[in-house]
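Student: Prediction below, plus the sequence it came from.
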Amino acid sequence: MAHSFVFLEPFFCAGMPSDDLVRRGLYASLTIVGVPGNILVIMAFLLLSYEENRLLAAEAIVLHLTCANLLVVVVRCLTETLASFHVVNVFGDAGCKGVIFIYRTSRGLSIWLTFLLSTYQCLSVSPPGSYWASVRVLLAQNLVFVFLFLWVLNTTMSSGAILFSLSSKNDSSPINNAVNLEFCFVSFPSDLSKEIFGAVQVSRDVVPMALMTLTSVIILVLLYQHNQHMNDLHRNSNASGGRCGAKRRAAKVVVVLVTLYLGLYGVDCGLWVYTLTVKKTMSSSLISDLRVFFASMYAALSPLVIIVSNRKVNSRLMCISQKLA
């Protein structure tokens, strides 16, 4: 397997061992945390769906988000880990095209589904009987079509990965206008195509970032207003207060997920913009590795937030662990 990495040796020389060590640590840590975490959340929701014969709209969004996050971790982090430890290397030309395309599609889905979750939760805490409450019902009724639209959108916007991705094993891989991903190059035919592709990718991230920031602010405002009436709700109806309390807890979890997303993907976007400004392909893939690490960290950490904060998920996992014991 050592011959697979010969092409990169002239670029790294003495610095290669440290870069390789960093890469192994980054991707292995995300794999260890992200794969089992997302699988546990998926199992909990599947058990919940089986027991209750349905999933609420918010639960369906979280389940879809978790599946997208699992794809991110498996397709990118797990394959990079296996290749870094020379266990399995899938990064031929076809492998690079497939891995990067699926990664970018699932990563985009993760972003947009987080925005969808924040939007739905924002609508859920709106006053009952309002216009926005009816919009929430309409969104829940057409959730399948929303999922389909997001799949088509992100698949289309990730198609450039199929056109421009090449294995780094090829000695003929061009040096200019390319992004070094260690085992792969994303090689663009010109500076203009690189800038256009980069702008499209940044826009796909920035738009939902801005929108979910807005929805999170609205959620916080509505939560503040709800807190002003919390004592009255508890005095008038314990059941109503319980439902409102559940909505508030769910809304707070969404705000935590959005904050986590904004921090990690903000770093990712900053490093991606920096990569696009470099005229010549960088000899080291460390910047790209850090970018993917921060982008994938959300996919690895978000299931932990869900497990800790979601009572339904937590109770189903406790049930599963007791049966296994």
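Tutor: Noted; the coordinates are in hand.

Student: if I pick residue 45, what's in contact with it?
Tutor: 55, 59, 62-63, 66, 313, 316 (CB atoms under 8 Å, 6 or more residues apart in numbering). (Each C-beta comes from the backbone N, C-alpha and C, glycine too.)

Student: could you redo the last one with a cut-off of 10 Å?
Tutor: 55, 59-60, 62-64, 66-67, 306, 310, 312-313, 316 (CB atoms under 10 Å, 6 or more residues apart in numbering).

Student: do residue 24 as well
Tutor: 80-81, 83-85.

Student: for those residues, which one is nearest residue 274?
Tutor: Of all the contacts of residue 24, residue 274 sits closest to residue 80, with 20.5 Å by CB to CB.

Student: can you redo the contacts of residue 45 as JSON lines with distance to residue 295, pLDDT and neighbour count?
Tutor: Below are those laid out as JSON lines (distance: CB to CB, whole Å; pLDDT from 0 to 100; neighbours: other CB atoms under 10 Å):
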{"residue": "55", "distance to residue 295": "27", "pLDDT": "90", "neighbour count": "17"}
{"residue": "59", "distance to residue 295": "25", "pLDDT": "91", "neighbour count": "19"}
{"residue": "60", "distance to residue 295": "24", "pLDDT": "94", "neighbour count": "18"}
{"residue": "62", "distance to residue 295": "19", "pLDDT": "93", "neighbour count": "26"}
{"residue": "63", "distance to residue 295": "21", "pLDDT": "94", "neighbour count": "21"}
{"residue": "64", "distance to residue 295": "18", "pLDDT": "95", "neighbour count": "21"}
{"residue": "66", "distance to residue 295": "16", "pLDDT": "95", "neighbour count": "25"}
{"residue": "67", "distance to residue 295": "17", "pLDDT": "95", "neighbour count": "18"}
{"residue": "306", "distance to residue 295": "19", "pLDDT": "87", "neighbour count": "25"}
{"residue": "310", "distance to residue 295": "23", "pLDDT": "84", "neighbour count": "22"}
{"residue": "312", "distance to residue 295": "28", "pLDDT": "85", "neighbour count": "16"}
{"residue": "313", "distance to residue 295": "24", "pLDDT": "86", "neighbour count": "25"}
{"residue": "316", "distance to residue 295": "29", "pLDDT": "84", "neighbour count": "21"}
